[in-house]
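Asks: pasting the structure only:
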């Protein structure tokens, strides 16, 4: 048997990593400024993370959700405290797509309605409902296109109200910052007006913070820059530093019922231990503040780079629009400077580094891209 060949792969195999440093099978060192799709939040092989996960594995790695699991309660309490959503309830699952599936289901149960408003260029995952709410027909099968999804342009509040006034929507789902699209942030005024319209029309506001959450933008969740609260928040990528887990934070106004949601692996003992370790490190090492400080520094130093036509994002979620004459810059960063970055389409380089990135590592990247842009 061979692998189902759906991934275009770099000819690089990481075998060891620490902090922002990756060592490949051939011994070459690489600087990680992508975190494996924004997953590595506290850095590779953090000693606190290794200690907590190892200790839990030595005790109990898994049992089902048919029994008590105090680690789930500890995780919910810590996440509520750090995020500012202490009065919300937490449902644990395994991934971002699964978190969005459950968020949409909860909104539909709560309102008794079925239509969902999403945004142009959105990405919410690859499972059935999540991919239906993703504005990319190339990754949707015919099976996925039967969902009740309406897309409107980001930051167009008139277009939103034109749809919501029809009265048949259960939810609006929006990313804290659109990541896969190329780092496009909702405007503060737009998010505030969106919150008001959802209240006005009785629609659940879902904030997809899967890529933009967990301190990445200098706030725990990106939408908190706009000083609003969501009814449901979804999270995953940076939640457990590489261990599969997802979460749905649900407003106390939405009541749970037995059997309403369910999962086999979600919230297992090992996943919860990993997620608790991440929150401990984020708090103890002030990584949210570090994301803001180093993010601001990168924005300042990159703004005049001759290869970049536009910088977008917040904190350590940065999109660099690359001028056509510097096409291939991402490949050159990887193969000439040994720096991992992300892409979005043909012209955007995404920076999503571990939140522990230092000024020295930022300078290394700045020097590298300046050199390639000569």
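Replies: Cool, the structure landed. For clarity, every value in this text was computed on a predicted model and none was experimentally measured. Residues are numbered from 1 along each chain as shown.

Asks: kindly provide the distance from residue 70 to residue 276.
Replies: Look at residue 70 and residue 276: by C-beta to C-beta, to the nearest Å, they are 11 Å apart. Just so you know, the C-beta spots here come from the backbone N, C-alpha and C atoms, and that holds for glycine as well.

Asks: kindly report the same for residue 210.
Replies: Residue 210 sits 19 Å away from residue 276 when distances are taken as C-beta to C-beta.

Asks: and those two? Which one has more around it.
Replies: residue 210 (30 against 22; other C-beta atoms under 10 Å).

Asks: list the contacts of that one.
Replies: 96, 99, 100, 125, 175, 234, 235, 236, 237, 246 (C-beta atoms under 8 Å, 6 or more residues apart in numbering).

Asks: let's see it at 10 Å
Replies: Applying C-beta atoms under 10 Å, 6 or more residues apart in numbering to residue 210 gives the contacts 37-38, 95-97, 99-100, 123-125, 130, 175-176, 179, 233-239, 246-247.

Asks: in helices, which of those residues fall?
Replies: 37, 38, 96, 97, 99, 100, 130 (DSSP state H).

Asks: low-scoring pLDDT stretches of this structure, where are they?
Replies: 146 (pLDDT under 70).

Asks: distance check, the spatially most central residue of it against residue 120.
Replies: In the chain, the residue lying closest to the centroid (C-alpha atoms, centre = their mean) is residue 211, at 1.3 Å. Residue 211 sits 17 Å away from residue 120, going by C-beta to C-beta.

Asks: for the stretch 1-150 of the chain, just list every one of the helices.
Replies: With DSSP state H, counting those that start in this stretch, the ranges of helices along the stretch 1-150 of the chain come out as 35-38, 47-59, 70-83, 96-111, 128-132.

Asks: for the third one, the distance to its chain's centre please.
Replies: Using C-alpha atoms, centre = their mean, to the nearest Å, we find the averaged C-alpha position of helix 70-83 to lie 19 Å away from the chain's own average C-alpha position.

Asks: quick one: the helices in the stretch 251-374 of the chain?
Replies: 269-284, 287-302, 329-335, 359-372.

Asks: possible to save the ones you listed as CSV with distance to residue 6?
Replies: What follows is these, written out as CSV (distance: least, C-beta to C-beta, whole Å):
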stretch, distance to residue 6
helix 269-284, 25
helix 287-302, 32
helix 329-335, 21
helix 359-372, 30
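
Asks: for the ones you listed, which one ends up most surrounded?
Replies: helix 269-284 (a mean of 22; mean count of other C-beta atoms under 10 Å).

Asks: packing partners for that helix?
Replies: In terms of contacts (3 or more C-beta pairs under 10 Å, 6 or more residues apart in numbering; DSSP states H and E), helix 269-284 is packed against helix 47-59, helix 70-83, strand 89-93, helix 287-302.

Asks: would a markdown table of the ones you listed with distance to residue 155 be doable?
Replies: Listed next are those as a markdown table, based on distance: least, C-beta to C-beta, whole Å:
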| stretch | distance to residue 155 |
| --- | --- |
| helix 47-59 | 38 |
| helix 70-83 | 25 |
| strand 89-93 | 30 |
| helix 287-302 | 21 |
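
Asks: gap between residue 285 and residue 291?
Replies: Residue 285 sits at a distance of 11 Å from residue 291 (criterion: C-beta to C-beta).

Asks: give me the common contacts of the two.
Replies: Jointly contacting residue 285 and residue 291 under the rule C-beta under 10 Å, 6+ apart are 355, 356.

Asks: mind checking which of the helices of the stretch 251-374 of the chain is nearest residue 10?
Replies: Nearest to residue 10 among the helices of the stretch 251-374 of the chain is helix 329-335; the distance by C-beta to C-beta comes to 6.9 Å.
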